[in-house]
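Peer 1: What follows is a protein structure lacking sequence information:
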């Protein structure tokens, strides 16, 4: 199984997410946009970017202590600042309607939590991103 760390925005905000993804990638982690759907019936599919260290899944971000049954992901300490900065740029420069989740392939979030970009950055920096949580970002307070 693979851990997929995704950032999603409504289809109409794809360009804003693409711009923020380019800026965030300069921090060192890869932030790759999924290709836009080419079929007319799928054009309203949310725009998604995937965060990883070398492309593909985010499994390499996990520490040896990571446990998929834990409440939070144990990330490698040396990657935490890059992850926090990546999420900070996406949250501050990306579209206002953004969600972030780190889930195993095929898994769905068990809860949705509304947070500010600053709170999400704090969670990432302290290795406390929830294992079954979708974070919906809200701008402001």
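Peer 2: Looks like it arrived, so ask away. Since we're looking at a predicted model, the values are computed, not measured. Residues are numbered from 1 along each chain as shown.
Peer 1: all contacts plus neighbour counts: C-alpha atoms, from now on.
Peer 2: Noted.
Peer 1: what does the model give the residue of the chain positioned farthest from its centre for pLDDT?
Peer 2: In the chain, residue 40 marks the outermost C-alpha relative to the chain mean, sitting 26.3 Å out by CA atoms, centre = their mean. At residue 40, the model reports a pLDDT of 75.
Peer 1: what does the one 5 residues further on give?
Peer 2: In the prediction, the pLDDT value recorded for residue 45 is 90.
Peer 1: that older thread, residues touching the residue farthest from the centre of the chain, list them.
Peer 2: Listed by CA atoms under 8 Å, 6 or more residues apart in numbering, the contact set of residue 40 is empty.
Peer 1: how close does residue 42 sit to residue 12?
Peer 2: Distance, residue 42 to residue 12, using CA to CA, to the nearest Å: 12 Å.
Peer 1: neighbour-wise, which of the two wins?
Peer 2: Shown here are residue 42 and residue 12; by other CA atoms under 10 Å, residue 12 has more neighbours (14 against 11).
Peer 1: Just say helix, strand or coil for that one.
Peer 2: For residue 12, the assignment made with DSSP: H, G, I helix; E, B strand; the rest coil gives helix.
Peer 1: can you count the residues close to the closest residue in space to it that isn't next to it in sequence?
Peer 2: In this structure, residue 12 finds its nearest non-sequential neighbour in residue 44, 7.7 Å apart by CA to CA, 6 or more residues apart in numbering. Neighbour count of residue 44, defined by other CA under 10 Å: 13.
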